[in-house]
Structures are given as C-alpha cells and as structure tokens.
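>>> just to be clear, the model below is a prediction. Sequence and coordinates:
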Amino acid sequence: MTFRYSLKKTHRPVQSLNGRMARPRAIISFAISGRGGLHADREGLLDTGADDTVFEEWIAAKIGLDLTDAPEGEAQGVGGVVTAVRYAVVTFRISDGIESREWDAWVAFTSARLRQPLPGFAGFLQFFDAHFFGQREEVELTANGLFPVRQSSP
C-alpha cells in the first residue's frame, strides 16, 4: 500500500528544505474500533522512533474501551518526560484506495496531549515493511510475516 506524504504548511520558510513553506510528513488515515462496533477515523504520523502505537485516552472512550483495569506501562517522549500509559486491544483498518488491511493489536493510551496519534512499532509498524521514499514523498507499507492472519469462523 502506498501513501502520499501530507504537506503541513509553515509560517516561515524552512531553511533545511531550501525555503519551502511546507513540511512533508508520513501521515496516514486509518480507522480503529473497539467493542460494540464503535470506531474512530483518525490520522496519525508514522513514527519509526515510537516504541508503541499511542492514542489519547479520550479515543478509548469514543470506541467503547474501558481502561479501568487495563494493563499499565510507561512511555517516554522526545523531551524525556515519562508518562503513564494503559494498554488495550483495538482493530485497525487501513486502505490506500486499492488495497486494504485489518488487524487486531495492543496499543497504548495516554492522558498526555498528543498532536495526533502515533502509529509506532508495537501494534502497527511491526506488521509491515516500510519504505520511505523521500524524493517521491511517499511511504509504502507491505504486510510482513508478522501480520496477524484472521481466522474465519465456520
């Protein structure tokens, strides 16, 4: 599956991009769902530096997940601040308009404010081989051998 980078406009020229007035970002659209068919359509920045796939806690409530007794852990952001997270299983759905993929995965939920969800390694990128094409400003995701195969019921 191939996803074009999104262009995020800047208020000033970006020196490192030869004065360009936008930054290309590997942001993809996806749907996540929890219990009872509740789902949320989101966009997230593919983050090869994120150990986990992370969402804000309010999204868990929106898709019907109760995090009260969820397994706990911690995450550390760019600034080095450690924050508590709680884990739950969600169903992901992504599509590039040609091909679609769906899988269940453990993801982290945080009370910290995020600019957008972060599809990181655990729960997302671990299931794909990702090729980032700088010149074309695209990312290609190919399901790998870890991609969970769904069992069909009789």
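Happy to help now that I have it. Residues are numbered from 1 along each chain as shown.

>>> contacts and neighbour counts: CA atoms only from here.
OK.

>>> pLDDT weak spots in the protein?
150-154 (pLDDT under 70).

>>> which parts of it are helices?
57-62 (DSSP state H).

>>> just checking, F132 touches E140?
Yes: applying C-alpha atoms under 8 Å as the test, F132 and E140 come out as touching, 6.5 Å apart.

>>> would you map the strands across the chain?
2-4, 6-14, 20-25, 27-33, 39-45, 54-56, 72-76, 82-95, 100-110, 128-133, 138-143 (DSSP state E).

>>> roughly how far is the first one from the heart of the chain?
Strand 2-4 has its C-alpha centroid displaced from the chain centroid by 14 Å (C-alpha atoms, centre = their mean, to the nearest Å).

>>> which parts of that strand are buried?
For strand 2-4, burial by neighbour count (16 or more other C-alpha atoms under 10 Å) applies to 2-4.

>>> residues touching that strand, excluding its own?
26, 28, 96, 137-141 (C-alpha atoms under 8 Å, 6 or more residues apart in numbering).

>>> from the centroid of the chain, which residue is nearest?
Nearest to the mean C-alpha position of the chain, counting by C-alpha atoms, centre = their mean, stands P119 at 2.1 Å.

>>> list the residues that contact that residue.
44-47, 50, 52-54, 125.

>>> the same query, at a cut-off of 7 Å, please.
By C-alpha atoms under 7 Å, 6 or more residues apart in numbering, the contact list for P119 reads 44-47, 53-54.

>>> need phi/psi at it.
When quoted as degrees, to the nearest 10, the phi and psi of P119 stand at phi -70, psi 100.

>>> then the one 5 residues further on?
F124 adopts backbone torsions of phi -140, psi -80, taken as degrees, to the nearest 10.

>>> now, of the contacts of strand 2-4, which are buried?
Buried, going by 16+ other C-alpha under 10 Å: 26, 28, 96, 138-141, out of the contacts of strand 2-4.
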